[in-house]
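kindly generate the corresponding structure for this input.
(one chain, ligands or ions: 1)
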Amino acid sequence: MTGTAPAPTTAPAAPTAEPRTLAEAADLTRSPEFAGNTGGGFGGFGGADLPPPLVGPMAEVAAAYQEARHDPEFYAEYTRLLRDVVGRPSPITAADRLSDGLGGARIHLKREDLNHTGAHKINHTIGEALLAKRMGKRTLIAETGAGQHGVALATAAALVGLECEIHMGAVDVAKQHPNVVRMRLLGAKVVSVEAGQRTLKEAVDSAFDVYAADPERYLFAIGSVVGPAPFPDLVRDFQSVVGREARSQFLTTHGRLPDAVIASVGGGSNAMGAFTGFLEDREVRLIGVEPGGQGDEAGQHAATMSFGSPGMLHGMNTLVLQDAQGEPAEVHSIASGLDYPGVGPQHAHLAEVGRVEYVKEGDDAVLAAFVELSRSEGIIPALESAHALAHAIRIAPTLPAEQNLLVNLSGRGDKDIDYVAERIGMTGEADEIVR
Ligand SMILES: *Cc1c(COP(=O)(O)O)cnc(C)c1O
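Predicted coordinates:
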C-alpha cells in the first residue's frame, strides 16, 4: 500500500484559521499574480465587454458582490447551506485498488460527486442565489445545454425561495428529457428556444435578451468561471471551498500536500475551485485536463487551451476556439459539460504565467477511465470528471510510489450510463438466465 512518505523538506503551511468571510476563505491577497485584480482582469484576459444597457446592471452586481464577500453574515449563511444541504465537507477517497493495479503514484479522489445534486455546480449556484436574494432580485435566469447547470440553479432557487427561468435549445429539451422534468419539478420555468440551430448558443442569446429587457428583476446566473466580470471571480470564490477543504484534509491525513492536483476543464469552475487553495504552494503541480475528443482537427475536440487563440466570447477576453472569420468553432466532447469553445479567463492567464499545465485526454481514454473506476472502486464518475481521472491513470505509473495525485471527481456518472453502455456495447440484458 502507500509507501512511507519522505519527510517534506519544508513543512507546508498549516491551514489558516477558520475564515469569517468569503474574502478570507478565497484569499486572493496571498497570490495576486495568479488571482488577477479586483477589476476582473487576469493579465490581459477577462474584463467585461457589454452592450451599453448592461454596463450599469453588471456594475451593480459587481458592487453587491464586493459587499457580500466581506460580510460575515453572508458567509455564515452560505457555509451553513453547504453543510446542511450540500453535505460538505466532501471526503477524499484513496483509490487504493485503482492505484495498486496501476503502480506508481497513488491516486486520491476529492468526492464532489457526493454533493447534493451530484456535482460541484451546486457550490456556486447556492452562492449566486444568496447574492440574488441579497440584491432584492426576484428571478434567477440562465441558459443550460445538457441541463446540469439548469438543475443546479433550479435547486438553489427553490432552496432560497426565488423564481428560476432556464432557457434551453429545443434540440436539447428533446435530448435531455429527465433534466427538463427535474427543473420543472423544482419549480423552474423552462423556455425552449426554437431559433437557429436550436442549441446552446441560441439559448444563451435568448436568456440574455430576457435579462437585458429587465435587469431589475433578474440575476443572470452564469454557470462557470466565464462571462463578464465579476462572474469569473465570483464563481471561483464560491467554488474555492473545494481546494480549501482538500488542502486541509490532505494535510491532516498525510501530513503533506499532494504532489499534483488534477481537474477537468470545460469553462473551468471545478478546476479553479480545486486549484485556488494550492496556487501559492508552488511545489504542487496543477494540471487542467481538456476534452481531446476524437482528434486534433477543428470540430473534433473542445481543447481551448491547446488550440484556442485570444478573442472575445460571452463578454470576456479569453482564449477561444474560432474559425477564420472569428466565429466560435464547432466543438465536440464525449462529455456534454465540457463542449465549450471558450475557457475562463483566469485559466488563460494561469497558462501564460506557467502556474497550471493544460493537457487533453481523448474520448477513448476517458471511456476506459470511466469503466476502470467503476470496477476498481465502485464509483461511477461523470464523463467530465473521467477526463481528469484518465490523465491521472496515464501519468501515475510514470511517477514514484511516494507521490500522491489528487483528482477532483467533479460529479457522478448516473447521467452518463446509457450513453456509455451504448459506446462500449453493453446491453441492459442479464448476464445469465435461470429457469
Ligand atoms: C459542468 C461540469 C463540468 C464542467 O464545468 P467546469 O466549469 O469546467 O467545472 C465538469 N464536471 C461536471 C461533473 C460538470 O457537471
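
three-state assignment of residue 67?
With DSSP: H, G, I helix; E, B strand; the rest coil as the basis, residue 67 sits in helix.

number of residues surrounding it?
12 (other C-beta atoms under 10 Å). Every C-beta, even on glycine, is put in place using the N, C-alpha and C of the backbone.

can you give me the distance of it to residue 135?
As for residue 67, its distance to residue 135 is 10 Å (criterion: C-beta to C-beta, to the nearest Å).

those strands in this protein, which residues are they?
41-42, 45-46, 92-94, 106-111, 139-143, 163-169, 189-193, 218-220, 260-264, 285-293, 309-313, 316-320, 356-362, 404-409 (DSSP state E).

dump the ones you listed to CSV, plus mean pLDDT.
Formatted as CSV, the strands of the chain follow (pLDDT from 0 to 100):
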stretch, mean pLDDT
strand 41-42, 91
strand 45-46, 96
strand 92-94, 98
strand 106-111, 99
strand 139-143, 97
strand 163-169, 97
strand 189-193, 97
strand 218-220, 98
strand 260-264, 99
strand 285-293, 98
strand 309-313, 95
strand 316-320, 97
strand 356-362, 98
strand 404-409, 99
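
do you know which of these lies nearest the ligand?
Distance to the ligand, taken as C-beta to the nearest ligand atom, is lowest for strand 260-264 among the strands of the chain, at 5.1 Å.

how about that closest one, does it reach the ligand?
Yes. Using C-beta under 6 Å from any ligand atom, strand 260-264 reaches the ligand at residue 264.

now what about that strand, what contacts it?
Outside strand 260-264, the residues that touch it by C-beta atoms under 8 Å, 6 or more residues apart in numbering are 243, 246, 270-271, 273-275, 278, 284-291, 335, 338, 384-385, 387-388, 391-392, 395, 403-408, 410.

in it, which residues are buried?
Neighbour-count burial for strand 260-264 flags 260, 261, 262, 263, 264 (criterion: 16 or more other C-beta atoms under 10 Å).

repeat for stretch 46-61
46, 47, 48, 50, 54, 57, 58, 61.

thought the last one was touching residue 135?
In this case it means residue 61. Yes. Between residue 61 and residue 135 a contact is recorded at 7.4 Å, counting by C-beta atoms under 8 Å.

overlap in contacts of these two?
residue 219.

get me the contact residues on the stretch 101-250 of the chain for the ligand.
Counting by C-beta under 6 Å from any ligand atom, the stretch 101-250 of the chain sits next to the ligand at 119, 121, 148, 224.

distance of the nearest residue to the last one once chain neighbours are set aside from the ligand?
Taking C-beta to C-beta, 6 or more residues apart in numbering, and ignoring the residues beside it in sequence, residue 224 has residue 267 as its nearest neighbour in space, at 2.6 Å. Using C-beta to the nearest ligand atom, to the nearest Å, one gets 4 Å for the distance from residue 267 to the ligand.

run a quick neighbour tally on residue 267.
Count around residue 267 with other C-beta under 10 Å applied: 27.

kindly report the same for the one 5 residues further on.
A total of 31 residues lie near residue 272 under the criterion other C-beta under 10 Å.

so who does the nearest residue to it once chain neighbours are set aside touch?
Once flanking residues are discounted, residue 272 sits nearest to residue 236: 4.4 Å by C-beta to C-beta, 6+ apart. With contacts defined as C-beta under 8 Å, 6+ apart, residue 236 is in contact with 26, 225, 269, 272, 273, 276, 344, 346.
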